[in-house]
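In: here is a sequence together with a model predicted from it:
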Protein chains: 2
Amino acid sequence: MPDDRAYPSGGVHGQVVYQIGRQIVSGEIAVGSDLPREVELCERFGTSRQAIREAIKVLAAKGLIEPRRRRGTRVRPRAAWNLLDPDVLLWHAPDGFGPDFLADLLELRATIEPAAAELAARRGDPARLAELGAAIEDMRLAGLDPVRFYDADIRFHVGLLLASGNSLFAQLASPVRAALTASFRLQERIGGPQENGYAIHAAVYEAIAARDTARARAAMAFVIEAAATELRPVMTPAPESTTGA
Amino acid sequence: MPDDRAYPSGGVHGQVVYQIGRQIVSGEIAVGSDLPREVELCERFGTSRQAIREAIKVLAAKGLIEPRRRRGTRVRPRAAWNLLDPDVLLWHAPDGFGPDFLADLLELRATIEPAAAELAARRGDPARLAELGAAIEDMRLAGLDPVRFYDADIRFHVGLLLASGNSLFAQLASPVRAALTASFRLQERIGGPQENGYAIHAAVYEAIAARDTARARAAMAFVIEAAATELRPVMTPAPESTTGA
DNA sequence: TGACCCTAATAAGTACGACATATTGCGGAG
DNA sequence: CTCCGCAATATGTCGTACTTATTAGGGTCA
């Protein structure tokens, strides 16, 4: 699982970043409310003010909070959060994202990934395309084994963004990975991977390998549409649990 | 200029974040190389280690550097940088992005903005659409005044992303704004705004206001294509200056 | 009574000094 | 020549003291 997130990480301040970050993203600390004072956080976490301050600076760098003199440190509105930041996305995961955010993620995928497929078909680096082919082959070998299938699936979709040759598309690997992970968890409730999963992905790869830009785009759009169709009935019931492990 | 960046900001540590961030992004501190030791940075900036450490944590949170015990703090490969982070983008601006990165930005715009136009046409909040209309009207009034035109232009494109109703599309306001700002600077070399600028933007707005999704998408794609066509001759000569203000 | 200014309290910002800990490279023993 | 262990190094953590911006509240004057 080649992740790019940095928090949670070893070290005291990293733990604090994760704890507070999770509490904010999960809504436990409400948007617009004030964090406890630094000294109070020191007592709560049993750490020095140095560690607390470093954690606050990290969270502020990701747009979650805004420290100000005398007023204290306030949680910024969600629109100000760096939602595409790998860490911020990761902190969403335990709560399952929620139907609205998942829908946004799917729309982003439906927009980006077909374009990425087209670019990869047009100018994709052969080495990258080989990795895509390997991922497809692993999907075939995985059969109905969910773990192997999902792993190969992620490798394919992320690899596609890298193969697009666009550094900004590559940045969207985190949200795509997050969306896939969340989708897997939902799909498991209705019984494992789709039977046609391998076939529709292979169609994308073959179009890219054949340098057929239009077909690559269309095939990829179909993959996303299939995922959206499958998820639609599952994601409508909004989950209420905030205590989920 | 409604910005969402946080650095440069008041305060000592904010200055350090900006200085080092700029040096890394501009290449003055090479990728893969080590930053000076914290104590040495203290002397150089004339600050305490506290401020230096907070700055390092902020830059690490944005993926630029990776501190490690005993080894020191190393500049991470560019692929690890959070290129969509508003601050990281802003730190690119003084160097003019460079042709490759600008091309990536344009591809991102060409992918995202037509989709955003379609979504805005489908379900855009009337209040947001009104803002779009106001921006269009300002573009008309601006005539050939570059400053007014560019301001309205940015308001239109950013407003469109907000009107899409997708929180992740909204996150891409920063890169879009960055791309527009960079484009303006290049276009000025070949003589101000395009004459048909207002007309092609107005076409997008009218399609959205008429809730015509297909026309909105097509009109927006045309706007981006026009911008790309106009920039193509200007952005090929790679700028050499790193000393820019 | 109401508006205004000044003061004091507050919480983040900065600074300095010390120690802890992980990691790497070097040198000696086998 | 290999391997083990020690020492050097740079970040990580801690504690305390002081500074500064900001705001709330009280007191004064019109």
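Out: Ah, there it is.

In: any idea where the strands of chain A begin and end?
Out: With DSSP state E as the criterion, chain A has strands at A:65-68, A:72-75.

In: ok, which of these comes nearest chain B?
Out: Of all the strands of chain A, strand A:65-68 sits nearest to chain B, with 8.3 Å by Cβ to the nearest Cβ. C-beta: built from backbone N, CA, C; applies to glycine.

In: could you dump the strands of chain A to JSON lines with distance to DNA strand C?
Out: Converted to JSON lines, these look like this (distance: least, Cβ to the nearest atom of the strand, whole Å):
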{"stretch": "strand A:65-68", "distance to DNA strand C": "4"}
{"stretch": "strand A:72-75", "distance to DNA strand C": "4"}
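
In: reformat those as a markdown table; add distance to chain B.
Out: Shown next, in a markdown table, are the strands of chain A (distance: least, Cβ to the nearest Cβ, whole Å):
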| stretch | distance to chain B |
| --- | --- |
| strand A:65-68 | 8 |
| strand A:72-75 | 14 |
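
In: so what's residue A:167 up against?
Out: If you count contacts by Cβ atoms under 8 Å, 6 or more residues apart in numbering or on different chains, residue A:167 has them with B:78, B:79, B:83, B:101, B:104.

In: of those residues, which belong to helices?
Out: B:101, B:104 (DSSP state H).

In: any quick PyMOL command for the buried ones out of the contacts of residue A:167?
Out: To isolate the buried members of the contacts of residue A:167 in PyMOL, using 16 or more other Cβ atoms under 10 Å in any protein chain shown:
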select buried, chain B and resi 83+101+104
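
In: right, and residue A:90 touches residue A:5 too?
Out: Yes - in this structure residue A:90 lies within contact range of residue A:5 using Cβ atoms under 8 Å: 4.7 Å.

In: isn't residue A:211 right up against residue A:122?
Out: Yes - between residue A:211 and residue A:122 there is a contact at 7.2 Å, judged by Cβ under 8 Å.

In: chain neighbours aside, what residue packs nearest to the residue nearest the centre of chain A?
Out: For chain A, residue A:178 is the residue whose C-alpha lies nearest the centre (Cα atoms, centre = their mean; 2.2 Å). In space, and not counting its chain neighbours, residue A:178 is closest to residue A:89: 4.4 Å by Cβ to Cβ, 6 or more residues apart in numbering or on different chains.

In: of the strands of chain A, which is nearest DNA strand D?
Out: Ranking those by proximity to DNA strand D (Cβ to the nearest atom of the strand) places strand A:65-68 first, at 6.4 Å.

In: other SSEs contacting the closest one?
Out: helix A:49-61, strand A:72-75 (3 or more Cβ pairs under 8 Å, 6 or more residues apart in numbering or on different chains; DSSP states H and E).

In: single out the most deeply packed of those.
Out: helix A:49-61 (a mean of 22; mean count of other Cβ atoms under 10 Å in any protein chain shown).

In: mind giving me the packing neighbours of that one?
Out: helix A:12-25, helix A:38-45, strand A:65-68, helix B:49-61.

In: let's have the ones you listed in CSV, adding distance to DNA strand D and mean pLDDT.
Out: Listed next are the helices and strands packed on helix A:49-61 as CSV, based on distance: least, Cβ to the nearest atom of the strand, whole Å; pLDDT from 0 to 100:
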stretch, distance to DNA strand D, mean pLDDT
helix A:12-25, 3, 98
helix A:38-45, 7, 98
strand A:65-68, 6, 97
helix B:49-61, 6, 98
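
In: correct me, but residue A:77 touches residue A:31?
Out: Yes - using Cβ under 8 Å, residue A:77 makes contact with residue A:31 at a distance of 5.7 Å.

In: out of those two, which sits in the busier spot?
Out: Remark: of residue A:77 and residue A:31, residue A:31 carries more neighbours, 15 against 11, as counted by other Cβ atoms under 10 Å in any protein chain shown.

In: hang on, residue A:39 packs against residue A:45?
Out: No - taking contacts as Cβ under 8 Å, residue A:39 lies outside contact range of residue A:45: 11.4 Å.

In: between these two, who's got more neighbours?
Out: For the pair residue A:39 and residue A:45, the greater number of neighbours falls to residue A:45 (17 against 10), based on other Cβ under 10 Å.

In: who touches the more buried one in this structure?
Out: Taking Cβ under 8 Å, 6+ apart, we find residue A:45 in contact with A:12, A:15, A:16, A:19, A:51, A:52.

In: give me the local confidence score for the spatially most distant residue from the centre of chain A.
Out: Distance from the C-alpha centroid of chain A, by Cα atoms, centre = their mean, peaks at residue A:70 (35.9 Å). Predicted confidence (pLDDT) for residue A:70: 95.

In: what's the answer for the one 3 residues further on, then?
Out: Model confidence at residue A:73, expressed as pLDDT, equals 98.

In: and residue A:76, what is it in contact with?
Out: For residue A:76, the contacting residues are A:31, A:63, A:64, A:65, A:66, by Cβ under 8 Å, 6+ apart.

In: and the residues you listed, which of them are buried?
Out: Neighbour counting over those (16+ other Cβ under 10 Å) leaves A:63, A:64, A:65, A:66 as the buried ones.

In: tell me the bridge partners for the last one.
Out: Translated: residue A:66. residue A:74 (DSSP bridges).

In: surely it and residue A:72 touch.
Out: No - counting by Cβ under 8 Å, residue A:66 sits too far from residue A:72 to count as a contact (9.9 Å).

In: ok, residue A:167 to residue B:104 distance?
Out: Residue A:167 is 5 Å from residue B:104, where distance means Cβ to Cβ, to the nearest Å.

In: and what of residue A:177?
Out: Residue A:177 is 20 Å from residue B:104, by Cβ to Cβ.

In: cool, residue A:7 as well?
Out: Using Cβ to Cβ, residue A:7 is found at 27 Å from residue B:104.

In: any chance of the contacts of residue A:167 in TSV with distance to chain A as columns?
Out: Listed next are the contacts of residue A:167 as TSV, based on distance: Cβ to the nearest Cβ, whole Å:
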residue	distance to chain A
B:78	7
B:79	6
B:83	5
B:101	7
B:104	5
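
In: output the contacts of residue A:167 in CSV; the columns should cover pLDDT.
Out: Listed next are the contacts of residue A:167 as CSV, based on pLDDT from 0 to 100:
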residue, pLDDT
B:78, 97
B:79, 97
B:83, 98
B:101, 95
B:104, 97
